[in-house]
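# this is the structure alone, sequence omitted:
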């Protein structure tokens, strides 16, 4: 079984340390999970992820369903074997991707009809179908099918959508419990709290999701355009009403600052495309602030990209060289930058965990956020 063990809560705030146990290994929390949309983290070889000691990565159900198709992944023995990754994996349900297909999808009580953005072909996802596809793909942690509301949206729409997500959850649970799927290891399903930015809806949804009794509870529908203080308020509100001894996963978040603030509010698990996406635009995170490596100021800077990085690439290549690679659109530059940013995220999470363990998290977090806000 997939289980979560809470080890410690910080004396001030709600930052936590815990362990998620899966068939493919343990996940120490808090944890940041790199996003491997198509079965690979963009510009980052698996060997670098293991060297950085990333314990879990994500796959995207929607995209893997379209290409190469979940049948092929199942035939290969599941996503772990298909991509040669022997550590834990999580797949989303496709709900967020469907949400983003405005204009080529229709949401009903039964599910979602949509057109493929790849070739225009027509498809249908129901709660049951999303569970079947994810069981076929074979991640350790799979997500319930939900509707992600946009920001802004009116109260009535958010309430109607939330209740439909709750009804879909009941269908997901019933279908998940029918069989163990095609693979020889246990999978767990996580429900998702919705309710947009309305406090009463978030509380109602958190209580409903808590009653499902799942080992991991997720928070969706945030980091979709709302101001950061509003995201923090909703996160804190939900965490106040989720079970203390169950893992909490904030989906799609976010910047280093977002992550530290939400760790402080009781979140255990995060994922986001930002570290690799921003890397491909030349934005590098460091413990002294943000570097835009495309700026002319780095042209004659032959110092290491980041001498303190856990990435050897960042310690051995210069800022001038990386800027040159970006100026000529050399793919190696994207690899160096992506590995650098994921190395920084890993370093940041390790520091956060150590600060919680040493009862210094609150002070350390405030100091670190000040540094992160610098533009170098």
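Arrived safely. Because the structure is predicted, anything quoted here is derived from the model rather than measured.
# every contact and neighbour count from this point should use C-alpha atoms.
Will do.
# and the longest helix seen in the chain, what does it pack against?
Scanning the chain for the longest helix, with DSSP state H as the assignment, gives helix 331-357. Counting contacts by 3 or more C-alpha pairs under 8 Å, 6 or more residues apart in numbering; DSSP states H and E, helix 331-357 is packed against strand 16-22, strand 31-36, helix 256-264, helix 274-280, strand 283-286, helix 312-316, helix 319-327, helix 361-372.
# which residues does the residue nearest to residue 250 when sequence neighbours are not counted contact?
Spatial nearest neighbour of residue 250, chain neighbours left out: residue 219 (4.9 Å); criterion: C-alpha to C-alpha, 6 or more residues apart in numbering. Residue 219 makes contact with 192-194, 235, 238, 248-251, according to C-alpha atoms under 8 Å, 6 or more residues apart in numbering.
# from these, which land in strands?
192-193, 248-250 (DSSP state E).
# contacts only, for the residue lying farthest from the centre of the chain.
Distance from the centre of the chain peaks at residue 300, with 36.5 Å (C-alpha atoms, centre = their mean). Counting by C-alpha under 8 Å, 6+ apart, residue 300 makes contact with residue 320.
# point me to the helix or strand that includes it.
Under DSSP states H and E, no helix or strand contains residue 300.
# so which residue is dead centre in the protein?
Nearest to the geometric centre of the chain sits residue 271, at 1.7 Å (C-alpha atoms, centre = their mean).
# separation between that residue and residue 122?
Distance, residue 271 to residue 122, using C-alpha to C-alpha, to the nearest Å: 29 Å.
# same question for residue 349.
In terms of C-alpha to C-alpha, residue 349 sits 41 Å off from residue 122.
# repeat that for residue 199.
36 Å.
# between these two, which one's more packed in?
Neighbour comparison, residue 199 and residue 122: the larger count goes to residue 199, with 15 against 12 (by other C-alpha atoms under 10 Å).
# check contacts around that one.
Residues counted as contacts of residue 199 (C-alpha under 8 Å, 6+ apart) are 234, 237.
# ok, the residue farthest from the centre of the chain to residue 374 distance?
From residue 300 to residue 374 the distance is 21 Å (C-alpha to C-alpha).
# name the next helix or strand following the helix or strand of the chain with the lowest mean pLDDT along the chain.
Across the helices and strands of the chain, mean confidence by mean pLDDT, DSSP states H and E is lowest for helix 95-99: a mean of 71. Per DSSP H and E, the first helix or strand lying C-terminal to helix 95-99 is strand 105-107.
# wait, doesn't residue 94 sit right on residue 59?
No - counting by C-alpha atoms under 8 Å, residue 94 does not reach residue 59; the two are 10.4 Å apart.
# compare these two (neighbour count), which wins?
Higher neighbour count among residue 94 and residue 59: residue 59, with 25 against 22, using other C-alpha under 10 Å.
# and that one, how far from residue 8?
29 Å.
# same question, residue 249
For residue 249, the distance to residue 8 - C-alpha to C-alpha - is 17 Å.
# neighbour count: these two, which is higher?
Shown here are residue 249 and residue 8; by other C-alpha under 10 Å, residue 249 has more neighbours (24 against 13).
# contacts only, for that one.
216-219, 267-270.
# what about the chain, any weak spots by pLDDT?
99, 103 (pLDDT under 70).
# 80 instead, please
Applying pLDDT under 80 to the chain flags residues 94-104.
# one step back: now render the helices and strands packed on helix 331-357 as JSON lines, adding distance to residue 224 and mean neighbour count.
Listed next are these as JSON lines, based on distance: least, C-alpha to C-alpha, whole Å; neighbours: other C-alpha atoms under 10 Å:
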{"stretch": "strand 16-22", "distance to residue 224": "25", "mean neighbour count": "21"}
{"stretch": "strand 31-36", "distance to residue 224": "17", "mean neighbour count": "24"}
{"stretch": "helix 256-264", "distance to residue 224": "13", "mean neighbour count": "23"}
{"stretch": "helix 274-280", "distance to residue 224": "13", "mean neighbour count": "22"}
{"stretch": "strand 283-286", "distance to residue 224": "21", "mean neighbour count": "23"}
{"stretch": "helix 312-316", "distance to residue 224": "31", "mean neighbour count": "17"}
{"stretch": "helix 319-327", "distance to residue 224": "29", "mean neighbour count": "20"}
{"stretch": "helix 361-372", "distance to residue 224": "22", "mean neighbour count": "17"}
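# relative to residue 340, which of the ones you listed is closest?
helix 312-316 (6.1 Å; C-alpha to C-alpha).
# and the closest one, what does it pack against?
helix 331-357.
# got the buried residues for the helix it packs on?
333-349, 352-353, 355-357 (16 or more other C-alpha atoms under 10 Å).
# also stretch 233-244?
Buried, per 16+ other C-alpha under 10 Å, within stretch 233-244: 234-243.
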